[in-house]
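Chemist: the following block contains a protein sequence and its predicted model.
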Amino acid sequence: MVADAGLIALGAGIAIGAAAIATAWAQKTIGAAAVGAAAENDKMFGRGLVYMVLPETIVLFGLVIAFMLIQKI
């Protein structure tokens, strides 16, 4: 039983870690493009801001999965 709890905790940590890395990579790419677009056209700032927020859902999904796993301990 102790080994099962450890594996569940490890899985929850991997879920959060992988989601955070994926979000960071997506925001890096989108952020560079959004800043470039906003530098050329001021009207693109709002759209770029929305595109920067969208990858945050990846972390939220990882957090939900981690909570679902932790509840099984």
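Modeler: Received, thanks. Numbers count the residues shown, from 1 in each chain.
Chemist: where's the residue nearest the centre of the chain, which helix or strand?
Modeler: In the chain, the C-alpha nearest the mean C-alpha coordinate belongs to residue 59, at 3.0 Å (Cα atoms, centre = their mean). Following DSSP states H and E, one finds residue 59 within helix 56-70.
Chemist: that helix: which residues count as buried?
Modeler: 58-59, 62, 65-66, 69 (16 or more other Cβ atoms under 10 Å). Glycine gets a C-beta too; all of them are placed from N, C-alpha and C.
Chemist: what average pLDDT does that helix get?
Modeler: Averaged over helix 56-70, pLDDT sits at 92.
Chemist: which strands or helices does it pack on?
Modeler: helix 2-40 (3 or more Cβ pairs under 8 Å, 6 or more residues apart in numbering; DSSP states H and E).
Chemist: tilt between the helix or strand just after the helix it packs on and helix 2-40?
Modeler: Next along the chain after helix 2-40, taking DSSP H and E as the criterion, comes helix 45-53. Relative orientation of helix 45-53 versus helix 2-40 (axes from the mean of the first three to the mean of the last three Cα atoms, to 10 degrees): 160 degrees.
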